[in-house]
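3D model of this:
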Amino acid sequence: MQGYDHLDEQQRQLIAAVLKAARSVIGEEPYVGKQRAHEWALSGRLGIWLSRQVLIRRLERYGIRVDLEYDQMADGDRKMVGDNHRRIDVLVHRRGRDGPNLLACEVKPNEGRPPSVD
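Got it, this is the predicted structure:
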């Protein structure tokens with residue numbers, strides 16, 4: 001994958017899985033992928049398609065999960081990513097306080113433009 005040379009192999013595989021899932025939403029879910037669907041609808045379908053990816057299925061053996069808008073504390077606080085508190089649309093992680101975040105995705109609709117995967 002071009003532009004991802006600084007990442008390790010697992011990180012590149014995760015990104016490839018997300019890109020494949022996003023393309024599936026656009027190609028296989030015409031109403032959601034090509035219409036002016038709400039961000040939550042897009043992230044929900046992305047989470048479903050991502051959880052079907054072979055890599056994610058393998059990681060599930062180790063307690064890794066795909067969650068949508070996950071709140072580890074169930075207190076309404078936003079998930080911490082780096083130094084930023086924000087709502088994460090799709091999260092690949094191990095649940096709980098000590099679980100690592102492997103991937104955090106923020107989904108944004110294209111607002112009238114043709115669907116794309118960036």
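
Bridged to residue 91, which residues?
Counting by DSSP bridges, residue 91 is bridged to residue 67, residue 104.

That one contacts residue 51, doesn't it?
No: the criterion here is C-beta atoms under 8 Å, and residue 91 misses it with residue 51 at 11.7 Å. All C-beta spots, glycine's among them, are computed from the backbone N, C-alpha and C.

Mutual contacts of these two, please.
Shared contacts of residue 91 and residue 51 (C-beta atoms under 8 Å, 6 or more residues apart in numbering): residue 66.

So if I had to pick from the two, which one is more boxed in?
Neighbours per residue (other C-beta atoms under 10 Å) separate residue 91 from residue 51, with residue 91 holding more: 21 against 17.

Retrieve the pLDDT associated with that one.
pLDDT for residue 91: 90.

all helices of this structure, in order?
With helices called from DSSP state H, the chain shows them at 9-28, 30-34, 39-51, 54-59.

Columns mean pLDDT and distance to residue 99 on top of the ones you listed, output as TSV?
Converted to TSV, these look like this (pLDDT from 0 to 100; distance: least, C-beta to C-beta, whole Å):
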stretch	mean pLDDT	distance to residue 99
helix 9-28	88	15
helix 30-34	67	29
helix 39-51	89	17
helix 54-59	92	12
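
check contacts around residue 38.
Residues near residue 38 by C-beta under 8 Å, 6+ apart: residue 109.

repeat that with 10 Å
Contacts for residue 38 (C-beta atoms under 10 Å, 6 or more residues apart in numbering) come out as 32, 44, 107, 109.

cool, residue 32 as well?
By C-beta under 10 Å, 6+ apart, the contact set of residue 32 is 25, 26, 38, 41, 42, 44, 45, 46, 115.

Now for the residues you listed, which sits with the most neighbours around it?
Taking other C-beta under 10 Å as the neighbour criterion, residue 25 ranks highest of these with 26 neighbours.

That residue and residue 45 touch, don't they?
Yes: using C-beta atoms under 10 Å, residue 25 is in contact with residue 45, at 4.8 Å.

so how many other residues sit close to the nearest residue to residue 65 once chain neighbours are set aside?
Take residue 65 and drop its neighbours on the chain: the residue closest to it by C-beta to C-beta, 6 or more residues apart in numbering is residue 95, 6.0 Å away. Number of residues near residue 95 (other C-beta under 10 Å) recorded here: 13.
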